[in-house]
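Peer 1: Below is the sequence, then the predicted model.
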There are 2 protein chains.
Amino acid sequence: MRVGFIGLGIMGRPMARNLLKAGYELWVNSRSRGPVDELAACGARAASREELAAACEVIFTMLPNGPQVREVLLGPDGLAARMRPGQVFIDMSSISPAVSREIAAALAEKGVEMLDAPVSGGEPKAIDGTLSFMVGGRQAVFDRCRPLLLAMGSSAARCGEVGAGNTVKLANQVIVAANIAALAEGLLLAKRAGADPAAVLEAIRGGLAGSAVLDAKGPMMVENRTDPGFKIDLHIKDLQNALDTAHQCGAPLPLAASVMEMLQVLHARGLGGCDHSALAKYYENLANDTIFQKNKE
Amino acid sequence: MRVGFIGLGIMGRPMARNLLKAGYELWVNSRSRGPVDELAACGARAASREELAAACEVIFTMLPNGPQVREVLLGPDGLAARMRPGQVFIDMSSISPAVSREIAAALAEKGVEMLDAPVSGGEPKAIDGTLSFMVGGRQAVFDRCRPLLLAMGSSAARCGEVGAGNTVKLANQVIVAANIAALAEGLLLAKRAGADPAAVLEAIRGGLAGSAVLDAKGPMMVENRTDPGFKIDLHIKDLQNALDTAHQCGAPLPLAASVMEMLQVLHARGLGGCDHSALAKYYENLANDTIFQKNKE
């Protein structure tokens, strides 16, 4: 099967490589030349968007956000204008579900099927081919494309019609953001009240406060490490899409909105490239004694 | 070893029974007659506070909150006045760490040692003897009393000096409260945006959004069950102690304060006896269409 892949960034590059390894004929396209050459050296063919649209049975995109996906599909040289019935478009970017549905509607007019299939798991899981896909789209299309997804990931769950993949991804990001802030908040309380944060993690991880966030981010907070992981700027993007989506459908997100403000403060102070566990620094800073000392002098 | 136990409530009753099973001589005291008779039938001896203070090497309390513990220890007929050097007082109630330290200071004047040892895990784990203890107090006292705790629980972690057990418990409750609200918030977003909540849980539970809260409370939210579990009114008590403690030590708890307001609304509407996962109802109600429909009419 001939497969197209647009967007060879930090995630897209290893994902495309795993499609090659699985034996698919792969045509690739990306903004910068380096990754394209790298994939070509592994057996992929560098191609224009027009060539992809004309020749590939399935076309994947892995792009930063909704506007980029919309441009690649619906822009001046967009794929949508050239694709034909029987082809499938699979967007693995994390974008707003409204944009997924907008693109799916445009493609449906051409008889082109679409799945939205954002992933969870970062670069290491992209390299290992152990990403988790959250998928929206028709069951039959999902069933047909499942083997392709499983060449890049260890699981693929269909959550509903087109847009449902990104909806679930946004819910995931809301929960992760608030769980990280909750952990930072609990650890700061424990620390200020005189307990040892490392002992706290150990004491509570087996109970109802236990979580993947506690296991992955707790030690980072205790050891004051902020190497990403998942960058604050990316989580800001996802929370903005979550808030936009919530505003459209009338869902209240008070915790996500609070954590968004915390992340924006960290971004403004130059920490946008840090892991999202740097939320602990927002809390530490709130309880920082320096300014209070100055006011008492 | 002769052990005293004060407070035979829902948790205290099975915990005392496990001490008996482990072979300790047990003297019990409680406000209501029923549980005392029940324990006496199992081999415990009903005794007054005065008798306990005079005769028991180690005395446990398992009471609703700080004021009750303070009254039993420092009130008119309080234990503190009658206890002697060498005896140990172990409070397993979930209370404010400041109260733990106040009582420990009063006991220290009499040469009486103290541990604060609140538990996590509800009635089922109290019955099974698989509670987790978070303990504050001197290492030597902890080492000596550990076998007693392990007669009621499967783990006991020392987290620092007296007060540290309750500090860790409060951090635990802050994290749990915010994780539950985060889950409710994420599920409501997914639902309003058209995804199936049960599919959402399944899709995200293996990733960074996975947690003990998601596994335990997610299905309850999806199935609209609110049987406790852990009651909203108890979580309100714990968050109040967390907020009081935070105010004393200057730790900011923005998420805990927000979730406290949600729980207070549920309490005021008569849901205080529901499981804390009923936070999902707070969110559902925020997004309820009825009042908006009325305003449009």
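Peer 2: Yep, that arrived.
Peer 1: all helices for chain A, in order.
Peer 2: A:12-21, A:33-41, A:49-55, A:66-74, A:97-108, A:123-128, A:139-150, A:164-192, A:197-204, A:212-222, A:232-249, A:254-266, A:279-286, A:290-296 (DSSP state H).
Peer 1: Can you get me a residue count around A:Ala44?
Peer 2: By the criterion of other Cβ atoms under 10 Å in any protein chain shown, A:Ala44 has 23 neighbours. (Glycine included, C-beta is placed from N, CA and C.)
Peer 1: List the contacts of it.
Peer 2: A:Phe5, A:Ala16, A:Leu20, A:Leu26, A:Trp27, A:Val28 (Cβ atoms under 8 Å, 6 or more residues apart in numbering or on different chains).
Peer 1: ok, now how distant is A:Lys21 from A:Cys56?
Peer 2: Separation of A:Lys21 from A:Cys56 (Cβ to Cβ, to the nearest Å): 18 Å.
Peer 1: One more: A:Gly210?
Peer 2: 44 Å.
Peer 1: Tell me which residue of the stretch 1-150 of chain A lies closest to chain B.
Peer 2: Nearest residue of the stretch 1-150 of chain A to chain B: A:Ser120, at 4.2 Å (Cβ to the nearest Cβ).
Peer 1: Read off the pLDDT value for that residue.
Peer 2: On pLDDT, A:Ser120 comes in at 92.
Peer 1: What of A:Ile291?
Peer 2: 71.
Peer 1: In chain A, where is pLDDT below threshold?
Peer 2: A:295, A:297 (pLDDT under 70).
Peer 1: show me what contacts the residue lying closest to A:Pro97 once chain neighbours are set aside?
Peer 2: Using Cβ to Cβ, 6 or more residues apart in numbering or on different chains and skipping residues adjacent in sequence, the residue nearest A:Pro97 is A:Gly163, 3.6 Å away. Going by Cβ under 8 Å, 6+ apart, A:Gly163 touches A:Pro97, A:Ala98, A:Ser100, A:Arg101, A:Ala104, A:Asp116, A:Gly136, B:Ala193, B:Gly194.
Peer 1: do that again at 7 Å, thanks
Peer 2: When contacts are counted by Cβ atoms under 7 Å, 6 or more residues apart in numbering or on different chains, A:Gly163 touches A:Pro97, A:Ser100, A:Arg101, A:Asp116, A:Gly136, B:Gly194.
Peer 1: for chain A, what's the longest strand?
Peer 2: strand A:153-160 (DSSP state E).
Peer 1: quick one: that strand near chain B?
Peer 2: Yes. Contact between strand A:153-160 and chain B is present through A:Ala157, A:Cys159, A:Gly160 (criterion: Cβ under 7 Å from any Cβ of the partner chain).
Peer 1: Now for the last one, how many residues are close by?
Peer 2: Neighbour count of A:Gly160, defined by other Cβ under 10 Å: 21.
Peer 1: swap in A:Leu79?
Peer 2: 27.
Peer 1: list the contacts for the closest residue to it other than its chain neighbours?
Peer 2: Spatial nearest neighbour of A:Leu79, chain neighbours left out: A:Ala53 (4.6 Å); criterion: Cβ to Cβ, 6+ apart. Contact analysis of A:Ala53 by Cβ under 7 Å, 6+ apart lists A:Leu79, A:Arg82, A:Met83.
Peer 1: if you set the cut-off to 10 Å instead, what comes out?
Peer 2: A:4, A:47, A:59, A:73, A:77-84, A:87, A:89, A:112 (Cβ atoms under 10 Å, 6 or more residues apart in numbering or on different chains).
Peer 1: At the geometric centre of chain A, which residue do we find?
Peer 2: What sits nearest the mean C-alpha location of chain A, by Cα atoms, centre = their mean, is A:Ser94, with 4.7 Å.
Peer 1: residues touching the residue of the stretch 1-150 of chain A closest to chain B, list them.
Peer 2: A:94, A:131-134, A:153, A:155, A:168-169, A:172-173, A:176, A:230, B:203-204, B:206-209.
Peer 1: Just the buried residues from the residues you listed, in ChimeraX please.
Peer 2: Remark: buried members of those, expressed as a ChimeraX selection using 16 or more other Cβ atoms under 10 Å in any protein chain shown:
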select /A:94,131,132,133,134,153,155,168,169,172,173,176,230 /B:203,204,207,208,209
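Peer 1: ok so, going back, over to the residue nearest to the centre of chain A: give its phi and psi.
Peer 2: Backbone torsions of A:Ser94, given as degrees, to the nearest 10, read phi -100, psi 110.
Peer 1: This completes my enquiry, with thanks.
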